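Asks: Fold the following and give me the result.
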Amino acid sequence: MAIDPGVLLAGFGSGGGLLLIGQALLRPARPPLSVLRAPAVAPPESAPGWEMRVGGWLAPRLVRPRTRLLLRPPVEDLAILGRPVELWLTQKIALGVIGLAAPAVFAAAAAALGLRMPFVFPTVLALATGVVMFWYPDWVVRDAAADARLEFRRGVAIYIGWVAQARSAAGGPAESLERAAAVGHGWALAVITRALVRARYGARTPWEALADLGRIYHVSQLVDLADIMSTAGAGASIYDTLLSKQQALLAAELAAEKAAANERSERMDFPVVALLVCFVILLGYPLLANIR
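Replies: Residues are numbered from 1 along each chain as shown. Here you go, the predicted model:
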(Lines give C-alpha, C1' and ligand atoms only; values in the text may rest on other atoms or scores of the structure.)
Protein backbone atom coordinates (compact mmCIF):
# COMPACT_ATOMS: atom_id res chain seq x y z
CA MET A 1 0.00 0.00 0.00
CA ALA A 2 1.44 3.37 -1.04
CA ILE A 3 2.02 5.94 1.66
CA ASP A 4 0.55 9.36 1.14
CA PRO A 5 3.44 11.89 1.06
CA GLY A 6 1.37 14.35 3.08
CA VAL A 7 0.80 11.83 5.84
CA LEU A 8 4.48 10.89 5.78
CA LEU A 9 5.48 14.53 6.09
CA ALA A 10 3.04 15.04 8.95
CA GLY A 11 4.48 12.00 10.72
CA PHE A 12 8.00 13.31 10.39
CA GLY A 13 6.85 16.69 11.66
CA SER A 14 5.16 15.18 14.70
CA GLY A 15 8.21 13.05 15.49
CA GLY A 16 10.54 16.03 15.16
CA GLY A 17 8.25 18.12 17.34
CA LEU A 18 8.35 15.43 20.00
CA LEU A 19 12.13 15.45 19.95
CA LEU A 20 12.23 19.23 20.29
CA ILE A 21 9.78 19.15 23.20
CA GLY A 22 11.86 16.53 24.97
CA GLN A 23 15.02 18.54 24.40
CA ALA A 24 13.41 21.72 25.74
CA LEU A 25 12.12 19.94 28.83
CA LEU A 26 15.37 18.16 29.67
CA ARG A 27 17.96 20.74 28.74
CA PRO A 28 18.41 23.33 31.50
CA ALA A 29 18.71 26.99 30.67
CA ARG A 30 22.30 27.91 29.87
CA PRO A 31 23.65 30.01 32.73
CA PRO A 32 25.01 33.43 31.82
CA LEU A 33 28.76 33.78 31.92
CA SER A 34 28.47 36.31 34.72
CA VAL A 35 27.35 33.63 37.19
CA LEU A 36 29.93 30.96 36.39
CA ARG A 37 31.68 29.83 39.51
CA ALA A 38 35.22 28.79 40.15
CA PRO A 39 35.99 25.39 38.64
CA ALA A 40 34.38 22.89 40.99
CA VAL A 41 31.68 20.34 40.32
CA ALA A 42 28.51 21.39 42.08
CA PRO A 43 27.49 18.97 44.83
CA PRO A 44 24.13 17.21 44.49
CA GLU A 45 22.65 19.31 47.30
CA SER A 46 23.19 22.51 45.26
CA ALA A 47 21.04 21.34 42.34
CA PRO A 48 17.95 19.55 43.73
CA GLY A 49 15.35 18.00 41.48
CA TRP A 50 14.36 14.74 39.91
CA GLU A 51 17.28 14.96 37.47
CA MET A 52 19.77 14.94 40.35
CA ARG A 53 17.97 12.13 42.17
CA VAL A 54 17.86 9.95 39.07
CA GLY A 55 21.44 10.82 38.15
CA GLY A 56 22.63 10.09 41.68
CA TRP A 57 21.07 6.64 41.43
CA LEU A 58 22.40 5.93 37.93
CA ALA A 59 25.95 7.28 38.31
CA PRO A 60 27.42 4.54 40.56
CA ARG A 61 25.70 1.85 38.47
CA LEU A 62 26.53 3.06 34.95
CA VAL A 63 29.71 5.15 35.13
CA ARG A 64 32.21 2.34 35.58
CA PRO A 65 35.58 1.57 33.95
CA ARG A 66 34.03 -0.94 31.56
CA THR A 67 31.40 1.57 30.39
CA ARG A 68 33.74 4.56 30.10
CA LEU A 69 33.65 4.39 26.28
CA LEU A 70 29.97 5.39 26.17
CA LEU A 71 29.51 7.08 29.56
CA ARG A 72 32.72 9.00 30.11
CA PRO A 73 31.75 12.21 31.93
CA PRO A 74 33.46 15.35 30.61
CA VAL A 75 34.41 16.26 34.16
CA GLU A 76 36.65 19.18 33.23
CA ASP A 77 34.07 20.80 30.94
CA LEU A 78 31.26 20.23 33.43
CA ALA A 79 33.37 21.78 36.20
CA ILE A 80 33.93 24.92 34.13
CA LEU A 81 30.18 25.27 33.58
CA GLY A 82 29.32 24.41 37.19
CA ARG A 83 27.11 21.49 36.16
CA PRO A 84 27.07 18.26 38.17
CA VAL A 85 27.84 14.93 36.53
CA GLU A 86 24.52 13.53 37.73
CA LEU A 87 22.55 16.11 35.74
CA TRP A 88 24.60 15.36 32.60
CA LEU A 89 23.99 11.64 32.99
CA THR A 90 20.23 12.07 33.41
CA GLN A 91 20.02 14.24 30.29
CA LYS A 92 22.06 11.76 28.29
CA ILE A 93 19.92 8.75 29.20
CA ALA A 94 16.58 10.59 28.94
CA LEU A 95 17.31 12.13 25.55
CA GLY A 96 18.54 8.79 24.23
CA VAL A 97 15.28 7.13 25.31
CA ILE A 98 13.24 9.92 23.71
CA GLY A 99 15.22 9.54 20.48
CA LEU A 100 14.46 5.82 20.44
CA ALA A 101 10.77 6.31 21.23
CA ALA A 102 9.98 9.11 18.76
CA PRO A 103 10.01 6.89 15.61
CA ALA A 104 7.80 4.37 17.46
CA VAL A 105 5.28 7.14 18.06
CA PHE A 106 5.43 8.02 14.36
CA ALA A 107 4.89 4.39 13.37
CA ALA A 108 1.95 4.07 15.77
CA ALA A 109 0.36 7.24 14.36
CA ALA A 110 0.78 5.89 10.82
CA ALA A 111 -0.74 2.56 11.82
CA ALA A 112 -3.71 4.35 13.39
CA LEU A 113 -4.31 6.02 10.02
CA GLY A 114 -4.32 2.64 8.31
CA LEU A 115 -0.89 2.94 6.77
CA ARG A 116 1.57 0.07 6.82
CA MET A 117 5.29 0.52 6.48
CA PRO A 118 8.24 -1.87 6.58
CA PHE A 119 9.47 -2.72 10.05
CA VAL A 120 13.02 -1.78 9.04
CA PHE A 121 12.16 1.89 8.47
CA PRO A 122 11.12 2.85 12.05
CA THR A 123 13.82 0.57 13.49
CA VAL A 124 16.65 2.24 11.60
CA LEU A 125 15.20 5.68 12.29
CA ALA A 126 14.92 4.88 16.01
CA LEU A 127 18.54 3.79 16.19
CA ALA A 128 19.74 6.89 14.33
CA THR A 129 17.74 9.38 16.44
CA GLY A 130 18.60 7.52 19.63
CA VAL A 131 22.35 7.75 18.95
CA VAL A 132 22.15 11.44 18.00
CA MET A 133 20.09 12.40 21.04
CA PHE A 134 22.28 10.27 23.32
CA TRP A 135 25.42 12.20 22.34
CA TYR A 136 23.71 15.60 22.18
CA PRO A 137 24.46 16.58 25.84
CA ASP A 138 28.17 15.94 25.21
CA TRP A 139 28.17 18.29 22.24
CA VAL A 140 26.33 20.99 24.19
CA VAL A 141 28.73 20.78 27.13
CA ARG A 142 31.78 20.79 24.87
CA ASP A 143 30.64 23.87 22.92
CA ALA A 144 29.61 25.76 26.06
CA ALA A 145 32.94 24.97 27.75
CA ALA A 146 34.83 26.11 24.64
CA ASP A 147 32.98 29.43 24.72
CA ALA A 148 33.72 29.80 28.44
CA ARG A 149 37.41 29.10 27.86
CA LEU A 150 37.52 31.70 25.10
CA GLU A 151 35.94 34.35 27.33
CA PHE A 152 38.24 33.41 30.18
CA ARG A 153 41.31 33.73 27.94
CA ARG A 154 40.27 37.24 26.97
CA GLY A 155 39.78 38.18 30.59
CA VAL A 156 43.21 36.82 31.49
CA ALA A 157 44.82 38.99 28.80
CA ILE A 158 43.47 42.09 30.54
CA TYR A 159 44.25 40.72 34.01
CA ILE A 160 47.94 40.20 33.24
CA GLY A 161 48.30 43.89 32.31
CA TRP A 162 46.68 44.96 35.55
CA VAL A 163 48.98 42.67 37.53
CA ALA A 164 51.96 44.35 35.86
CA GLN A 165 50.67 47.79 36.86
CA ALA A 166 49.97 46.67 40.44
CA ARG A 167 53.44 45.16 40.67
CA SER A 168 55.07 48.33 39.31
CA ALA A 169 53.36 50.24 42.14
CA ALA A 170 55.60 48.38 44.62
CA GLY A 171 52.99 45.81 45.55
CA GLY A 172 53.92 42.34 46.76
CA PRO A 173 53.33 39.32 44.50
CA ALA A 174 50.22 38.05 46.30
CA GLU A 175 48.91 41.57 46.89
CA SER A 176 49.38 42.48 43.22
CA LEU A 177 47.41 39.44 42.09
CA GLU A 178 44.46 40.23 44.37
CA ARG A 179 44.44 43.97 43.65
CA ALA A 180 44.43 43.36 39.91
CA ALA A 181 41.58 40.85 40.15
CA ALA A 182 39.50 43.29 42.21
CA VAL A 183 39.67 46.03 39.56
CA GLY A 184 37.24 44.58 37.01
CA HIS A 185 33.78 43.06 37.22
CA GLY A 186 33.86 40.35 34.55
CA TRP A 187 33.10 36.72 35.34
CA ALA A 188 36.68 35.69 34.52
CA LEU A 189 38.05 38.07 37.14
CA ALA A 190 35.41 36.81 39.57
CA VAL A 191 36.69 33.25 39.05
CA ILE A 192 40.27 34.40 39.62
CA THR A 193 39.30 36.41 42.71
CA ARG A 194 37.46 33.46 44.21
CA ALA A 195 40.42 31.18 43.60
CA LEU A 196 42.80 33.67 45.22
CA VAL A 197 40.54 34.10 48.24
CA ARG A 198 40.31 30.35 48.70
CA ALA A 199 44.08 30.11 48.48
CA ARG A 200 44.54 32.91 51.02
CA TYR A 201 42.37 31.15 53.63
CA GLY A 202 43.50 27.67 52.64
CA ALA A 203 46.78 25.82 52.58
CA ARG A 204 47.80 26.82 49.06
CA THR A 205 49.71 29.68 47.52
CA PRO A 206 47.98 32.07 45.11
CA TRP A 207 50.26 31.04 42.23
CA GLU A 208 49.29 27.41 42.71
CA ALA A 209 45.64 28.40 42.43
CA LEU A 210 46.31 30.42 39.27
CA ALA A 211 48.32 27.58 37.75
CA ASP A 212 45.40 25.20 38.30
CA LEU A 213 43.02 27.66 36.64
CA GLY A 214 45.38 28.00 33.69
CA ARG A 215 45.50 24.25 33.20
CA ILE A 216 41.73 23.82 33.51
CA TYR A 217 40.91 26.65 31.11
CA HIS A 218 43.85 25.83 28.80
CA VAL A 219 45.47 29.25 29.20
CA SER A 220 49.22 28.71 29.30
CA GLN A 221 49.86 32.43 29.91
CA LEU A 222 48.10 32.17 33.27
CA VAL A 223 50.39 29.30 34.22
CA ASP A 224 53.36 31.43 33.15
CA LEU A 225 52.02 34.30 35.26
CA ALA A 226 51.86 31.98 38.27
CA ASP A 227 55.46 30.88 37.69
CA ILE A 228 56.65 34.48 37.34
CA MET A 229 54.88 35.66 40.49
CA SER A 230 56.12 32.68 42.49
CA THR A 231 59.73 33.65 41.77
CA ALA A 232 59.29 37.43 42.01
CA GLY A 233 61.16 38.79 45.01
CA ALA A 234 60.41 42.00 46.82
CA GLY A 235 61.92 44.46 44.28
CA ALA A 236 62.20 42.18 41.27
CA SER A 237 61.27 43.96 38.06
CA ILE A 238 58.81 41.81 36.14
CA TYR A 239 56.83 44.60 34.51
CA ASP A 240 58.29 44.08 31.03
CA THR A 241 57.95 40.30 31.30
CA LEU A 242 54.27 40.53 32.19
CA LEU A 243 53.59 42.99 29.41
CA SER A 244 55.22 40.66 26.90
CA LYS A 245 52.97 37.83 28.11
CA GLN A 246 49.94 40.07 27.70
CA GLN A 247 50.97 41.07 24.19
CA ALA A 248 51.53 37.44 23.22
CA LEU A 249 48.08 36.47 24.48
CA LEU A 250 46.39 39.40 22.73
CA ALA A 251 48.21 38.58 19.49
CA ALA A 252 47.08 34.95 19.72
CA GLU A 253 43.48 36.03 20.29
CA LEU A 254 43.64 38.44 17.35
CA ALA A 255 45.04 35.70 15.10
CA ALA A 256 42.26 33.33 16.19
CA GLU A 257 39.62 35.96 15.47
CA LYS A 258 41.07 36.59 12.00
CA ALA A 259 41.13 32.87 11.25
CA ALA A 260 37.50 32.51 12.33
CA ALA A 261 36.51 35.52 10.20
CA ASN A 262 38.28 34.07 7.17
CA GLU A 263 36.55 30.75 7.69
CA ARG A 264 33.15 32.44 7.84
CA SER A 265 33.98 34.39 4.67
CA GLU A 266 34.92 31.19 2.86
CA ARG A 267 31.63 29.61 3.88
CA MET A 268 29.77 32.49 2.28
CA ASP A 269 31.41 31.74 -1.08
CA PHE A 270 29.53 28.46 -1.51
CA PRO A 271 26.00 29.96 -1.65
CA VAL A 272 27.18 32.55 -4.15
CA VAL A 273 28.75 29.91 -6.39
CA ALA A 274 25.65 27.71 -6.14
CA LEU A 275 23.45 30.68 -7.06
CA LEU A 276 25.61 31.46 -10.10
CA VAL A 277 25.52 27.84 -11.26
CA CYS A 278 21.74 27.76 -10.97
CA PHE A 279 21.51 31.04 -12.87
CA VAL A 280 23.70 29.70 -15.71
CA ILE A 281 21.62 26.52 -15.90
CA LEU A 282 18.42 28.58 -16.01
CA LEU A 283 19.74 30.69 -18.86
CA GLY A 284 21.23 27.81 -20.80
CA TYR A 285 18.39 25.33 -20.49
CA PRO A 286 16.16 26.83 -23.25
CA LEU A 287 19.08 26.78 -25.66
CA LEU A 288 19.98 23.20 -24.88
CA ALA A 289 16.34 22.09 -25.01
CA ASN A 290 15.92 23.46 -28.55
CA ILE A 291 19.00 21.71 -29.92
CA ARG A 292 17.93 18.88 -32.23
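Asks: what about Arg204, which SS state?
Replies: Using DSSP: H, G, I helix; E, B strand; the rest coil as the criterion, the local structure at Arg204 reads coil.
Asks: and it, what does it touch?
Replies: Arg198 (C-beta atoms under 8 Å, 6 or more residues apart in numbering). Bear in mind the C-beta positions are built from the backbone N, C-alpha and C, glycine included.
Asks: How about the backbone phi and psi for it?
Replies: Dihedral angles of Arg204 (phi, psi; degrees, to the nearest 10) stand at phi -120, psi 160.
Asks: which strands and helices sit next to the host helix or strand of Lys245?
Replies: Take DSSP states H and E as the rule and Lys245 turns out to sit in helix 239-289. For helix 239-289, the packing partners by 3 or more C-beta pairs under 8 Å, 6 or more residues apart in numbering; DSSP states H and E come out as helix 120-168, helix 220-231.
Asks: okay, the closest residue to Leu250 other than its chain neighbours: pLDDT?
Replies: In this structure, Leu250 finds its nearest non-sequential neighbour in Ala157, 5.2 Å apart by C-beta to C-beta, 6 or more residues apart in numbering. With respect to pLDDT, Ala157 scores 86.
Asks: picking up where we left off before, so which of the helices and strands packed on helix 239-289 is nearest Ile281?
Replies: helix 120-168 (33.2 Å; C-beta to C-beta).
Asks: so that closest one versus helix 220-231, what angle?
Replies: Helix 120-168 runs at 30 degrees relative to helix 220-231, counting by axes from the mean of the first three to the mean of the last three C-alpha atoms, to 10 degrees.
Asks: Low-confidence bits of this protein, can you list those?
Replies: Scanning the chain for pLDDT under 70 picks out 1-48, 64-70, 117, 170, 233-237, 291-292.
Asks: Can you give the domain ranges for it?
Replies: 5-150, 153-251 (automatic domain parsing).
Asks: Pick the most deeply packed of the ones you listed.
Replies: domain 153-251 (a mean of 18; mean count of other C-beta atoms under 10 Å).
Asks: Okay, now it: how far is its last residue from its first?
Replies: Taking C-alpha to C-alpha, to the nearest Å, domain 153-251 runs 12 Å from one end to the other.
Asks: leaving aside the residues next to it on the chain, what's closest to Arg153?
Replies: Val219 (5.1 Å).
Asks: Good, wrapping up.
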